[in-house]
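**Q** Build me a model from this:
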Amino acid sequence: MAYQNIAAALTPQDIQEIKAALQTVQKKMPFLITLSTEERRKLVKMGDKSLAFVNNSVTAAQSNREILPATFDVEELVQDYQLATALTELLISMQQLTEQVDDTLMAVGSEAMTGSLTVYDYVKTASKKTPGLKSVAEQLGERFKAIRGRPTKAASGS
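**A** Alright, predicted model coming up:
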């Protein structure tokens, strides 16, 4: 869908239901783990190009069990491969959803900032003649004050 102004809302109940659905997803996969950066670095990676290799090795292992050591668990290899393919399918769906949420957040955030900048401009102008607005203008202007002596991107026009 092409981007247009977003006019939507999520009720507190909607948010709770979405969070509950996400918790259900997590409960369906109690085996999920979190790897450290070091652990991720050390692991042998299976990317898209390796999928055919792993599939072929599973077939080879199932067809030629006699050449493998007795300690090699072919069923574990099959289970790992099946889980990897299932998780890949789920990950693609989740990444698409994440991308949509991220894009929508960016667009609606832009809309909110654009509207807020308009309000700020009007408040700054009106604060020159309307009593009580000077402090509001100063409060809104805090967003554009320099950090450690450097102007922010918005203040520098970038």
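**Q** Pull the residues that contact the helix or strand harbouring residue 22.
**A** Element membership for residue 22 (DSSP states H and E) is helix 12-28. Outside helix 12-28, the residues that touch it by Cβ atoms under 8 Å, 6 or more residues apart in numbering are 10, 32. Where you see a C-beta, it was placed from the backbone N, CA and C, and this is true even at glycine.
**Q** Flag every buried residue along stretch 41-59.
**A** Residues residue 58 are the ones in stretch 41-59 that count as buried (16 or more other Cβ atoms under 10 Å).
**Q** Show me where this protein has its helices.
**A** Ranges of helices within the chain are 12-28, 37-42, 48-63, 74-126, 134-141, 153-156, based on DSSP state H.
**Q** Mean neighbour count, the ones you listed: which tops it?
**A** Sort the helices of the chain by mean neighbour count, taking mean count of other Cβ atoms under 10 Å, and helix 134-141 sits at the top with a mean of 14.
**Q** picking that back up, how about the helices of the chain in TSV, adding mean pLDDT and distance to residue 4?
**A** What follows is the helices of the chain, written out as TSV (pLDDT from 0 to 100; distance: least, Cβ to Cβ, whole Å):
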stretch	mean pLDDT	distance to residue 4
helix 12-28	97	21
helix 37-42	97	39
helix 48-63	94	34
helix 74-126	96	9
helix 134-141	93	28
helix 153-156	52	25
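**Q** Distance to residue 2 added to these, as JSON lines?
**A** Shown next, in JSON lines, are the helices of the chain (distance: least, Cβ to Cβ, whole Å):
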{"stretch": "helix 12-28", "distance to residue 2": "24"}
{"stretch": "helix 37-42", "distance to residue 2": "37"}
{"stretch": "helix 48-63", "distance to residue 2": "30"}
{"stretch": "helix 74-126", "distance to residue 2": "11"}
{"stretch": "helix 134-141", "distance to residue 2": "32"}
{"stretch": "helix 153-156", "distance to residue 2": "28"}
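**Q** quick one: which of the ones you listed is nearest residue 3?
**A** Proximity to residue 3, assessed across the helices of the chain by Cβ to Cβ, is greatest for helix 74-126 (5.7 Å).
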